[in-house]
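[1] need a 3D model of the sequence below.
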Amino acid sequence: MGLHAKPLQLSTLDAGFEVAFAARLHWSADTDAAIEQRVADILADVQKRGDAAVLDYTQRFDGLQAADVKALEITQAELQAALDSLPAAQRDALQAAAARVRKYHEAQKKASGESWSYRDEDGTLLGQKVTPLDRVGIYVPGGKAAYPSSVLMNALPAHVAGVQDIIMVVPTPQGVRNPLVLAAACVAGVSRAFTVGGAQAVAALAYGTATIPKVDKITGPGNAYVASAKKRVFGTVGIDMIAGPSEILVLADGSTPAEWVAMDLFSQAEHDELAQSILLCPDAAYIAEVQAAIDRLLPEMPRREIIAKSLNDRGALILTRSMEEACDISNRIAPEHLEVSSRDPHRWEPLLRHAGAIFLGAFTSESLGDYCAGPNHVLPTSGTARFSSPLGVYDFQKRSSLIEVSEAGAQPLGRIAAELAYGEGLQAHARAAELRLNPVPPMREPQ
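    Okay, here's the model as predicted:
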């Protein structure tokens, strides 16, 4: 019997839709207790023993032996050599993708990442100072696959933000280095790179060792051990997010070739068995066409077993009453990737409030966003797009409030502050404000 992929078919007209829909969406972010304990042990060990612990775990988990952690560092010359070694077509594609990603994030910085201030009529200055983080760590997954695109998406916005020190960690099982990942690090301006992965890499970045510097924030996806480690070190350092399985939701009106939509569903299902691919459409005949396209195209997919399990266990083809209802359901899901595959996507875009990234029109496949469109592909998952945003320049900046109160401004503000401070029972706060009310004693000359 051949391999089959039969996503669950639902209809919003069915009485049991809500229960079945909720069951299909369910995914627990809870990490196995054994993993949590192992991660806690690794973090504590790296914090205590530093480089020695990193070396031990790198040998144990990646089969990579080294005399010291310095030997695990990839030099800038090696990164450049990796870029130079790529076939011309691959090198050109990498550089073209990097240019688009950089251009998008430079526009993002101009839109929201600059300092600003204004003065009141009395001369009081108020504003916000935007400054980059000093040093960040980017985690790039390795092992089953290589992700040069993740290097670009994490390092380039940090670079555009003005971060001076970008430390990359990437596991290289058995010492096998992927030249495209190294080349991407060269193109994206990574400062230092280490062949270290897993919870031990997160610990090294969070706490610092004799060789791997402590960072201010860690970004980038990883496996359950990496996700658990990032959760545990949050507070010691900043983190971007805890990423769950990849997701795609396609809103279709039936005008896009069914094969295109089927392949877009495959594009997320092939990530792993827990990935989720959902189609929302008001046209039952079109949903049948998409299922037929799935049946027809699946056998030719190299990762067909993973795709089939993902679609069978977590996929769904949902018949809706209308595109309006489809938009409402999409907002409830708050997907990581949202494709609006319709003749007039701009008709529906205003109805869509929650999504990591919105791909408008039949020609905008989600895969273009993964690699080269420009916006970041590090996106909130598992419904967190209701309150989270894509990785961006703003994740590598911090903001300080600027306040300069003039003598004239201190008069009304001082009275307001004193009144509220006395109401809170904080007399020193009140007196500090009142001391600056007129008449003001003469200021001393600085020595």
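[2] count of neighbours near Ile138?
    27 (other CB atoms under 10 Å). Quick note: C-beta positions are derived from backbone N, CA and C, even for glycine.
[3] any idea how far Gly409 lies from Ala161?
    Distance, Gly409 to Ala161, using CB to CB, to the nearest Å: 33 Å.
[4] which of the two has more neighbours?
    Between Gly409 and Ala161, counting by other CB under 10 Å, Ala161 is the more crowded of the two (23 against 20).
[5] which non-adjacent residue is nearest the more buried one?
    Leaving aside its sequence neighbours, Ala161 sits nearest to Phe396 (CB to CB, 6 or more residues apart in numbering; 3.8 Å).
[6] ok, now which ones touch that neighbour?
    Pro132, Leu133, Val136, Pro157, Ala158, Ala161, Gly162, Val163, Lys217 (CB atoms under 8 Å, 6 or more residues apart in numbering).
[7] any low-confidence regions in the stretch 251-400 of the chain?
    Filtered on pLDDT under 70, the stretch 251-400 of the chain yields no residues whatsoever.
[8] helices of that one, residue ranges please.
    For the stretch 251-400 of the chain, applying DSSP state H, counting those that start in this stretch gives helices covering 258-269, 284-297, 304-314, 323-333, 345-348, 366-371.
[9] ok, and which of the ones you listed has the densest surroundings?
    The highest mean neighbour count among the helices of the stretch 251-400 of the chain, using mean count of other CB atoms under 10 Å, belongs to helix 258-269: a mean of 24.
[10] okay, the angle between that one and helix 304-314?
    Helix 258-269 and helix 304-314 are oriented at 90 degrees to each other (axes from the mean of the first three to the mean of the last three CA atoms, to 10 degrees).
[11] now the angle from helix 258-269 to helix 284-297?
    60 degrees.
[12] what's in contact with helix 258-269?
    5, 7, 246-248, 250, 252, 275-277, 279, 286, 289-290, 292-294, 296-298, 301, 306-307, 310-311, 315, 337, 339, 341, 362, 365-367.
[13] can you list the weak-confidence ranges in the stretch 51-200 of the chain?
    143-144.
[14] would you map the helices across it?
    Secondary structure of the stretch 51-200 of the chain, counting by DSSP H, counting those that start in this stretch: helices at 51-62, 76-85, 88-112, 148-161, 179-188, 198-207.
[15] one step back: separate out the buried members of the contacts of Phe396.
    Neighbour-count burial (16 or more other CB atoms under 10 Å) applied to the contacts of Phe396 gives Pro132, Leu133, Val136, Pro157, Ala158, Ala161, Gly162, Val163, Lys217.
[16] what's the closest of those to Asp240?
    Checking the buried ones among the contacts of Phe396 against Asp240 with CB to CB, the nearest one is Lys217 at 7.4 Å.
[17] list phi and psi for that closest one.
    phi -150, psi 150 (degrees, to the nearest 10).
[18] from here on, count from 372
    Fine by me, first position is 372 from now on; the one you just mentioned is Lys588.
[19] may I have the beta-bridge partners of it?
    As for beta bridges, Lys588 partners with Val507, Gly609 under DSSP bridges.
[20] so it makes contact with Asp611?
    Yes - between Lys588 and Asp611 a contact is recorded at 7.4 Å, counting by CB atoms under 8 Å.
[21] spit out the residues that contact those two alike.
    Common contacts of Lys588 and Asp611 (CB under 8 Å, 6+ apart): Asp766.
[22] excluding its backbone neighbours, what's nearest Ile700?
    Closest residue in space to Ile700, ignoring its immediate chain neighbours: Leu651 at 5.9 Å, by CB to CB, 6+ apart.
[23] quick check: domain ranges of the protein?
    The record's domain parsing of the chain by automatic domain parsing lists 379-400+616-744, 404-610.
[24] which one of those lies closest to Gly763?
    domain 404-610 (5.5 Å).
[25] between the two ends of that closest one, how far is it?
    22 Å (CA to CA, to the nearest Å).
[26] roughly how far apart are Ala744 and Ile729?
    12 Å.
[27] run through the bridge partners of the closest residue in space to Ser488 that isn't next to it in sequence.
    In space, and not counting its chain neighbours, Ser488 is closest to Gly498: 2.6 Å by CB to CB, 6+ apart. Here Gly498 sits in beta bridges with Ser488, Leu773, going by DSSP bridges.
[28] correct me, but Gly498 touches Arg770?
    No - using CB under 8 Å, Gly498 makes no contact with Arg770, being 10.2 Å away.
[29] when the two are compared, which one has more neighbours?
    Ranked by neighbour count (other CB under 10 Å), Gly498 and Arg770 place Gly498 first, with 15 against 12.
[30] list the contacts of that one.
    Ser486, Trp487, Ser488, Tyr489, Ser772, Leu773.
[31] and those residues as CSV, adding neighbour count and distance to Glu444?
    Listed next are the contacts of Gly498 as CSV, based on neighbours: other CB atoms under 10 Å; distance: CB to CB, whole Å:
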residue, neighbour count, distance to Glu444
Ser486, 12, 35
Trp487, 10, 40
Ser488, 12, 42
Tyr489, 8, 47
Ser772, 8, 39
Leu773, 13, 39
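[32] and the two most separated of those?
    Tyr489 and Ser772 (12.9 Å).
[33] as a markdown table, the buried ones among the contacts of Phe767 with distance to Gln639 would be great.
    Below are the buried ones among the contacts of Phe767 laid out as a markdown table (distance: CB to CB, whole Å):
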| residue | distance to Gln639 |
| --- | --- |
| Pro503 | 33 |
| Leu504 | 31 |
| Val507 | 27 |
| Pro528 | 23 |
| Ala529 | 26 |
| Ala532 | 29 |
| Gly533 | 33 |
| Val534 | 30 |
| Lys588 | 27 |
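[34] ok, those residues vs Ala469, which is closest?
    Nearest to Ala469 among the buried ones among the contacts of Phe767, counting by CB to CB, is Pro528 at 11.7 Å.
[35] bridged to Leu620, which residues?
    Beta bridges link Leu620 to Ile649, Leu709, judged by DSSP bridges.
[36] and it, how many neighbours does it have?
    Neighbour count for Leu620, taken as other CB under 10 Å: 26.
[37] next, the contact list for it, please.
    Leu620 makes contact with Ile649, Leu650, Leu651, Ser701, Ile704, Pro706, His708, Leu709, Glu710, Ala726, according to CB under 8 Å, 6+ apart.
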